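Chemist: below are the sequence and a predicted model; questions follow.
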Amino acid sequence: MNATALLSAAKDGILTGSVYALMATGLTLIFGVMDIINIAQGILVILGAYLSYALQVHWHIDLFVGLLITIPTMFLVGVVIERLFFRRLTGPERTGMSILVTYAVSLLIEGALNMIFSVNDVQLQGSYVNKSFAIGSVHFGFIYVAGFVLAVVLLSALYFMLYRTRFGVSVRASVADQTSAALVGIDVKRVSTIVFGIGVAVTAAGGMIYGATNAFNASTSYDLISRLLTIIVLGGMGSLGGALLAGVGMVFVGDMVGVIWSPVWSSMSYFVVLAVVLLVRPQGLFGKQSARVA
Amino acid sequence: MSKLKYSWWAVAVAAFALFPVVVTNPTYTAIGVYTLLFMACATSWNMFSGYSGYIALGSSVFYGVGAYTMALASIHWHMAPGAAMFWLVPLGGLVAVVIAVPIGWIALRVRRHTFVVITIAIFFIFQLGAINFGFTGGTAGLSLPFIQWDASYYNVPFYYVALGIVLVAVVISAAVRRSRFGLQLLAIRDDEDRALGLGVKVGAVKLSGFALSAFVIGMAGAIYAMFQGQIYPQFVFDPTFDVSVALMSFFGGLGTLTGPLLGALVLESAQQYLTVTYSNGSLYLIFFGALFLIVITFMPRGVVNFFLDRRRATLAAASMANPSPTPSAPSTPTPAARSLV
């Protein structure tokens, strides 16, 4: 092991990890407000990537310009899914049911994507996708840097919304206690719908960057959702800061394992880290220790 | 359980036993084998996750462990290809139980939502391990001793062994449901903290239930490996399997005895049929997803519970109309009072 490998792993951790953190933030936000584990987040990322792909191939719209269309579209997809399936989902078995319902949604979208786009891998293209520059001995791919900047901008916007606006106060109140939030006049249902929309909308940006840096097809979503779930559990479910740190940390650990042992073990390392951390802290790094969990 | 119910079970078992006699087309008897394997797995999954409320989405770890046990044991012990290999089926189940104990010990330290995610993570550890370790044969998989039975009756022994496994699963699940242990699992589902306060050793109960559910699933995996003659890590450690058993149980009715059997019977046979007929996996994904969403929207407690609730409501209405000295059935049953179906 040498300094360059360490630097390179740190760079990947921050650049790629921030994009994972963005996708995981959507997931953890939805869980925090609604107690819903959205297993469909993986396939929605792929759907976002395919939307960018379709815009690029059929209308020659640049990937970043296309986000102006794909982000609102994915927001609407989220709102529709929430209205159709989660309004009715109430009661103590809500979280367990939400996993299965979102999985069924995920299967439905996967089947449709397979039929429309075939199962062959595609990757998003652009003049800038394969360009890179170097600082010292460390190389930076343009698309990775752009993904990092995009993730930082969107995450900052999200934090601003949550901590500096009136709507953000309603969201945080709903996270803290739904019943009390409703009692002081917050429309928890409306907050839930919008939060679900936002949580899904971030997949458009995450999916575009993911699709430009990886070849993908609909079944790639299994790999994605397992990583995203690992991130939110590791960070502590419902914790935004935890998702950010765990996203960066996960990619960093994976890269280090790849350099020290072999790349074949790098994806396994996340899950091992998760198991070890949970032995010590069952609630995750930043999770709240709740006395009674339904 | 009344005599009438026993006779319904006998009729169902007889119908399943006669199926390969009536239908001799190997395509359909193969569908029968897969369907029975899923009926066993869904029943066993429900015995832990349905009763305790801890949704496990990593059950294919046990299926895969059972399959690899069958493959490695038959290869390394140089077993003669043939019916003798069926003796390895219980071994597959036992190895799955042994593996389940440390997994359960780690995963059951946390409460429900996190448990789900940890079972998924553990599943990926096993899948990646099977792909990357040397002794599993990597992505090339393993070839079992080649069984040279004639194609016209190749499926039949597997069919009856699988039927036997289904019966084992049903007997275990029914026995657990009627025991003190089963009541403890149900108490954990309804209110874990209160169960703990009342003196239920929740940790030990959850771990025993989890390990017990691995037994049948491991045996099913062993039969699958022998039936296929060749296993690959991505097919025995399959994320779709994890969710299929859960969806099948929910479809039929979580926590009931017949629900998972019905769910697996309908969904697995439909999947196999669609795959054979249209050789298009995507169509099945759409069918499966849509069917599940429709059922969950209109019958949120599953098909079996839906009809049970309706029957109870009718009975309650009838007893309200004709008041009698005998105590009437409560119109909204408490979860612990759900009858054994």
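Modeler: That came through fine.
Chemist: can you get me the start-to-end distance on stretch A:29-43?
Modeler: Chord length of stretch A:29-43, first to last residue, is 18 Å (C-alpha to C-alpha, to the nearest Å).
Chemist: average model confidence for it?
Modeler: Stretch A:29-43 shows a mean pLDDT of 86.
Chemist: neighbours of the residue lying closest to B:Pro239 once chain neighbours are set aside, how many?
Modeler: Nearest residue to B:Pro239, sequence neighbours excluded (C-beta to C-beta, 6 or more residues apart in numbering or on different chains): A:Tyr222, at 5.2 Å. To be clear about C-beta, it is placed using only N, CA and C from the backbone, and glycine gets the same treatment. By the criterion of other C-beta atoms under 10 Å in any protein chain shown, A:Tyr222 has 19 neighbours.
Chemist: and the helix or strand containing A:Gly32, what does it pack onto?
Modeler: Assessed by DSSP states H and E, A:Gly32 sits inside helix A:3-34. Applying 3 or more C-beta pairs under 8 Å, 6 or more residues apart in numbering or on different chains; DSSP states H and E, we find helix A:3-34 packed against helix A:41-59, strand A:138-141, helix A:142-164, helix A:166-176, helix A:188-213, helix A:220-235, helix A:240-260.
Chemist: so that helix versus helix A:41-59, what angle?
Modeler: 110 degrees (axes from the mean of the first three to the mean of the last three C-alpha atoms, to 10 degrees).
Chemist: contacts only, for residue 42.
Modeler: By default, I'm working from chain A. A:106, A:221-226, A:228 (C-beta atoms under 8 Å, 6 or more residues apart in numbering or on different chains).
Chemist: sorry, I should have been clearer: chain B.
Modeler: Contacts of B:Ala42 were listed using C-beta under 8 Å, 6+ apart, and they are B:244-245, B:248-249, B:252, B:260-261, B:263-264.
Chemist: now for those residues, which pair is the farthest apart?
Modeler: Greatest spatial distance among the contacts of B:Ala42 (C-beta to C-beta): B:Ser244 and B:Leu261, at 14.1 Å.
Chemist: list the contacts of B:Ile103.
Modeler: Counting by C-beta under 8 Å, 6+ apart, B:Ile103 makes contact with B:58, B:61, B:119, B:122, B:210.
Chemist: excluding its backbone neighbours, what's nearest the third one?
Modeler: Read it as B:Thr119. Of all residues beyond its chain neighbours, the one nearest B:Thr119 is B:Gly58 (3.5 Å), with distances taken as C-beta to C-beta, 6+ apart.
Chemist: are we agreed that that neighbour is in a helix?
Modeler: No: using DSSP: H, G, I helix; E, B strand; the rest coil, the assignment for B:Gly58 is coil, not a helix.
Chemist: verify the stated contact: B:Ala211 with B:Pro102.
Modeler: No: between B:Ala211 and B:Pro102 there is no contact under C-beta atoms under 8 Å: 9.9 Å.
Chemist: neighbour-wise, which of the two wins?
Modeler: B:Ala211 (21 against 11).
Chemist: tell me which element the more buried one falls in.
Modeler: For B:Ala211, the enclosing helix or strand under DSSP H and E is helix B:202-228.
Chemist: list the helices and strands that helix packs on?
Modeler: Counting contacts by 3+ C-beta pairs under 8 Å, 6+ apart, helix B:202-228 is packed against helix B:26-45, helix B:51-52, helix B:60-76, helix B:88-107, helix B:155-178, helix B:180-190, helix B:192-197, helix B:233-236.
Chemist: in the fifth one, what's buried?
Modeler: The reference is to helix B:155-178. Going by neighbour count (16 or more other C-beta atoms under 10 Å in any protein chain shown), the buried part of helix B:155-178 is B:155-159, B:161-170, B:172-174, B:176-177.
Chemist: likewise for stretch A:179-187?
Modeler: Across stretch A:179-187, burial judged by 16+ other C-beta under 10 Å covers A:181, A:186.
Chemist: how about it as PDB, C-alpha atoms only?
Modeler: Provided in PDB are the C-alpha atoms of stretch A:179-187 (Å, rounded to 0.1, in the frame of the first residue of the first chain):
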ATOM      1  CA  THR A 179     -49.200  12.800  15.800                       C
ATOM      2  CA  SER A 180     -47.900  15.900  17.500                       C
ATOM      3  CA  ALA A 181     -47.100  17.400  14.100                       C
ATOM      4  CA  ALA A 182     -50.700  16.800  13.000                       C
ATOM      5  CA  LEU A 183     -51.900  18.300  16.300                       C
ATOM      6  CA  VAL A 184     -50.200  21.600  15.700                       C
ATOM      7  CA  GLY A 185     -51.800  21.900  12.300                       C
ATOM      8  CA  ILE A 186     -49.200  20.400   9.900                       C
ATOM      9  CA  ASP A 187     -50.800  18.600   7.000                       C
END
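Chemist: circling back: so how far is the helix holding B:Ala211 off the chain centroid?
Modeler: Averaging C-alpha positions (C-alpha atoms, centre = their mean, to the nearest Å) puts helix B:202-228 9 Å from its chain's average.
Chemist: SS state for B:Pro145?
Modeler: coil.
Chemist: so is the nearest residue to it once chain neighbours are set aside in a helix, a strand, or just coil?
Modeler: Nearest non-adjacent residue to B:Pro145, counting by C-beta to C-beta, 6+ apart: B:Pro81, 3.8 Å away. Three-state call for B:Pro81 (three-state DSSP): coil.
Chemist: tell me, how many residues neighbour B:Pro81?
Modeler: Neighbours of B:Pro81 under the rule other C-beta under 10 Å: 15.
Chemist: surely it touches B:Trp149?
Modeler: No: the pair B:Pro81 and B:Trp149 fails to qualify as a contact (C-beta under 8 Å) at a distance of 9.0 Å.
Chemist: flag every buried residue along the helix or strand containing A:Val273.
Modeler: Using DSSP H and E, A:Val273 maps to helix A:266-280. For helix A:266-280, a neighbour-count test (16+ other C-beta under 10 Å) marks A:266-275, A:277-278 as buried.
Chemist: cool, stretch B:77-95 as well?
Modeler: Result for stretch B:77-95 [16+ other C-beta under 10 Å]: buried residues B:79, B:85-86, B:88-93, B:95.
Chemist: what distance do you get for the most centrally placed residue in chain A to A:Arg172?
Modeler: Centroid-nearest residue in chain A, with C-alpha atoms, centre = their mean: A:Met23, separated by 1.6 Å. Separation of A:Met23 from A:Arg172 (C-beta to C-beta, to the nearest Å): 21 Å.
Chemist: now the helices and strands packed on helix B:202-228 as JSON lines including mean pLDDT?
Modeler: What follows is the helices and strands packed on helix B:202-228, written out as JSON lines (pLDDT from 0 to 100):
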{"stretch": "helix B:26-45", "mean pLDDT": "92"}
{"stretch": "helix B:51-52", "mean pLDDT": "92"}
{"stretch": "helix B:60-76", "mean pLDDT": "92"}
{"stretch": "helix B:88-107", "mean pLDDT": "92"}
{"stretch": "helix B:155-178", "mean pLDDT": "93"}
{"stretch": "helix B:180-190", "mean pLDDT": "91"}
{"stretch": "helix B:192-197", "mean pLDDT": "89"}
{"stretch": "helix B:233-236", "mean pLDDT": "86"}
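Chemist: between the buried residues of stretch B:77-95, which is nearest chain A?
Modeler: Chain A lies nearest to B:Val95 out of the buried residues of stretch B:77-95, by C-beta to the nearest C-beta, at 20.3 Å.
Chemist: name the nearest residue to the closest one, sequence neighbours excluded.
Modeler: Computed as C-beta to C-beta, 6+ apart, the closest residue to B:Val95 that is not its neighbour in sequence is B:Thr69, at 4.5 Å.
Chemist: show me what the helix or strand containing A:Glu110 packs onto, helices and strands only.
Modeler: Counting by DSSP H and E, the element that carries A:Glu110 is helix A:94-117. Secondary-structure packing of helix A:94-117 (3+ C-beta pairs under 8 Å, 6+ apart): helix A:41-59, helix A:220-235, helix B:112-132, helix B:239-252, helix B:281-298.
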